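Visitor: Test case, fold it:
(one chain, ligands or ions: 2)
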Amino acid sequence: MAAEVHPKPQARKPVLLSKIEASQDVVNTAVIIPKEDGVISVSEDRTVRIWLKRDSGQYWPSVYHTMPAPCSCMYFNPETRRLSVGMDNGTVSDFILSEDYNKMTPAATYQAHQGRVTVVLFVLEMEWVLSTGQDKTFTWHCSESGQRLGSYRTTAWVSGLQYPTRGGSLRHTNNNNECGQTSKLVQTHLPSTPKHPCANPCVRDYYTGVGCSYKGVMAEKVQGLCYAPHTRQLISCSSDGGIVIWNMDVRRQETPEWLDSDSCQKCEQPFFWNFKQMWDSKKIGLRQHHCRKCGQAVCGKCSSRRSTIPLMGFEFEVRVCDSCYESITDEDRAPTATFHDSKHGIVYMHYEPTRGWLLTSGVDKVIKLWDMTPVVS
Ligand SMILES: [Zn+2]
Ligand SMILES: [Zn+2]
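Guide: Ligands and ions are numbered 1, 2, ... in the order given. Reported below is the predicted structural model:
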């Protein structure tokens, strides 16, 4: 009798394509050059490098440029091949890259900040170079004249900035882990911004979604977010090396507040600090736990089961009370995210949607290129 064959389903995961490991220090920002087998990186080791894939299959620098200070951030505009590099000394320097990516020519330098530049952004329609710094200012310069057009003080230093491509307002995240929209700022301080009638809801959803609902899920600091609009998936990376791909078509629920009680809200046994009830009932108090689904304060016996609650963002099993456990169906337990290990602590990531490639830069000073098509589809 022939043995029954059970083909094991192939676990779909990101495929590591290449490793680039020649930097002396952490690569703070790196991008995949669209339509080109190339990567641009800026590092704490003060170098700007353009890596092109050679016939050997390896990436080798075609440009190796040393800057006067550690490079903290950069922005690359593929249409104009304009590269803006922000530095630890507060300066932003612009370069124009040659068509074959073998040369870069200085274009302008802006004394933008009093401290480390945290984000730099070039807006082609306006010919503006926007930047934020650890000096808690947001400044914008004209890339044509090199003139400073204005500056604005922020409450905390800005760690992320996104210029709307199709309507909406400028978005930022800061180092207090707050997400916000600088719409007021754009309207009142950037005079020639065209007014857009509506914000882009899908983009806004994913930012607020991650900022709020998933806060309990990610144990480690989220280092980067990229949205894959064609599949409505969000990719997040964390400092522990995790890459998570979220299905954004799912409506997620808020997690409940944890309730306070001196006794189990299921069996009414006292918790250990409730001396009066312990005395009255001649019972030893119990440890307090909380059900992640209903938020009730319960004892260990009444919350002996574990479950995932993907719709609340809990993709790993968490404590639930026995009645909530019964209420969660197999359908409810279907995962809405997939988890992968990049095997390096991620400091930066960049997603290139046309090929479906992801770049991760790690604390190990290595850049990794991943084919994400097995998981972002
Ligand atoms: Zn109980
Ligand atoms: Zn419950």
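Visitor: Could I get the full set of helices for the stretch 251-377 of the chain?
Guide: 275-281, 322-327 (DSSP state H, counting those that start in this stretch).
Visitor: closest one to ligand 1 among these?
Guide: Closest of the helices of the stretch 251-377 of the chain to ligand 1 is helix 322-327, at 8.8 Å (criterion: Cβ to the ion). Quick note: C-beta positions are derived from backbone N, CA and C, even for glycine.
Visitor: who in the stretch 201-350 of the chain is up against ligand 2?
Guide: 291, 293, 294, 321, 324 (Cβ under 5 Å from the ion).
Visitor: Among the residues you listed, which one lies nearest to ligand 1?
Guide: Lowest distance from ligand 1 to those (Cβ to the ion) belongs to residue 321, with 8.4 Å.
Visitor: How about the backbone phi and psi for the closest residue to that closest one other than its chain neighbours?
Guide: Nearest non-adjacent residue to residue 321, counting by Cβ to Cβ, 6 or more residues apart in numbering: residue 291, 3.8 Å away. Taking degrees, to the nearest 10, you get phi -80, psi 130 for the backbone angles of residue 291.
Visitor: Now for the residue nearest to the spatial centre of the chain: which residues touch it?
Guide: Note on the chain: the residue nearest the mean C-alpha position is residue 224, at 2.1 Å, using Cα atoms, centre = their mean. Residue 224 makes contact with 236, 237, 346, 348, 349, 350, according to Cβ atoms under 8 Å, 6 or more residues apart in numbering.
Visitor: so how far is residue 64 from residue 371?
Guide: 27 Å (Cβ to Cβ, to the nearest Å).
Visitor: of those two, who's got more company?
Guide: Counted by other Cβ atoms under 10 Å, residue 371 and residue 64 do not tie: residue 371 has more neighbours, with 16 against 12.
Visitor: re the thing from before, so what's the residue count around the residue nearest to residue 321?
Guide: When neighbours are defined as other Cβ under 10 Å, residue 291 has 25 of them.
Visitor: Just the pLDDT at it, thanks.
Guide: The score at residue 291 is 96. That number is its pLDDT.
Visitor: is it true that it touches residue 314?
Guide: No. Assessed by Cβ atoms under 8 Å, residue 291 is found out of contact with residue 314, at 11.6 Å.
Visitor: tell me the contacts of the spatially closest residue to residue 12 that is not a sequence neighbour?
Guide: Excluding its sequence neighbours, the residue lying closest to residue 12 (Cβ to Cβ, 6+ apart) is residue 374, at 4.4 Å. Taking Cβ under 8 Å, 6+ apart as the criterion, residue 374 is in contact with 12, 13, 14, 15.
Visitor: Contacts only, for residue 115.
Guide: 90, 133, 134, 135.
Visitor: What values do phi and psi take at the second one?
Guide: With angles defined as degrees, to the nearest 10, residue 133 sits at phi -140, psi 170.
Visitor: Skipping adjacent residues, who's closest to it in space?
Guide: In space, and not counting its chain neighbours, residue 133 is closest to residue 113: 3.1 Å by Cβ to Cβ, 6+ apart.
Visitor: Can you spell out the domain ranges of the chain, please?
Guide: 15-220, 253-334 (automatic domain parsing).
Visitor: Select, out of those domains, the one closest to residue 367.
Guide: domain 15-220 (4.1 Å; Cβ to Cβ).
Visitor: Can you classify residue 119 by secondary structure?
Guide: Following DSSP: H, G, I helix; E, B strand; the rest coil, the label given to residue 119 is strand.
Visitor: Quick check, it in contact with residue 73.
Guide: Yes. Counting by Cβ under 8 Å, residue 119 touches residue 73, with 5.7 Å between them.
Visitor: Please enumerate the shared neighbours of these two.
Guide: With Cβ under 8 Å, 6+ apart as the test, residue 119 and residue 73 both reach residue 86.
Visitor: picking that back up, of the contacts of residue 374, buried ones?
Guide: Among the contacts of residue 374, those classed as buried by 16 or more other Cβ atoms under 10 Å are 13, 14.
Visitor: residues near the closest residue to residue 277 other than its chain neighbours, how many?
Guide: Residue nearest to residue 277 in three dimensions, not counting chain neighbours: residue 270, with 3.8 Å by Cβ to Cβ, 6+ apart. Neighbour count for residue 270, taken as other Cβ under 10 Å: 22.
Visitor: repeat for residue 332
Guide: 14.
Visitor: what does residue 362 give?
Guide: Each residue near residue 362 was counted by other Cβ under 10 Å, and the total is 24.
Visitor: wait, isn't it in contact with residue 349?
Guide: No. The pair residue 362 and residue 349 does not pass the contact test of Cβ under 8 Å, sitting 9.9 Å apart.
Visitor: Please identify which pair of the contacts of residue 115 lies farthest apart.
Guide: By the measure Cβ to Cβ, the contacts of residue 115 have their two most distant members at 90 and 134, which lie 8.6 Å apart.
Visitor: Flag every residue of this protein that's near ligand 1.
Guide: 264, 266, 267, 299, 302.
Visitor: Residue 297 versus the closest residue to residue 290 other than its chain neighbours, what's the distance?
Guide: Among residues not flanking residue 290 along the chain, residue 258 sits closest, at 4.6 Å (Cβ to Cβ, 6+ apart). Look at residue 258 and residue 297: by Cβ to Cβ, they are 7 Å apart.
Visitor: Mind checking which of those two has more residues around it?
Guide: Higher neighbour count among residue 258 and residue 297: residue 297, with 21 against 14, using other Cβ under 10 Å.
Visitor: Quickly list what that one is bridged to.
Guide: Listed beta-bridge partners, residue 297: residue 290 (assigned using DSSP bridges).
Visitor: Could you report the neighbour count for the nearest residue to residue 332 once chain neighbours are set aside?
Guide: Spatial nearest neighbour of residue 332, excluding adjacent residues (Cβ to Cβ, 6+ apart): residue 311 at 6.4 Å. Number of residues near residue 311 (other Cβ under 10 Å) recorded here: 17.
Visitor: With mean neighbour count and distance to residue 25 added, can I get the helices of the stretch 251-377 of the chain in TSV?
Guide: Shown next, in TSV, are the helices of the stretch 251-377 of the chain (neighbours: other Cβ atoms under 10 Å; distance: least, Cβ to Cβ, whole Å):
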stretch	mean neighbour count	distance to residue 25
helix 275-281	12	57
helix 322-327	15	49
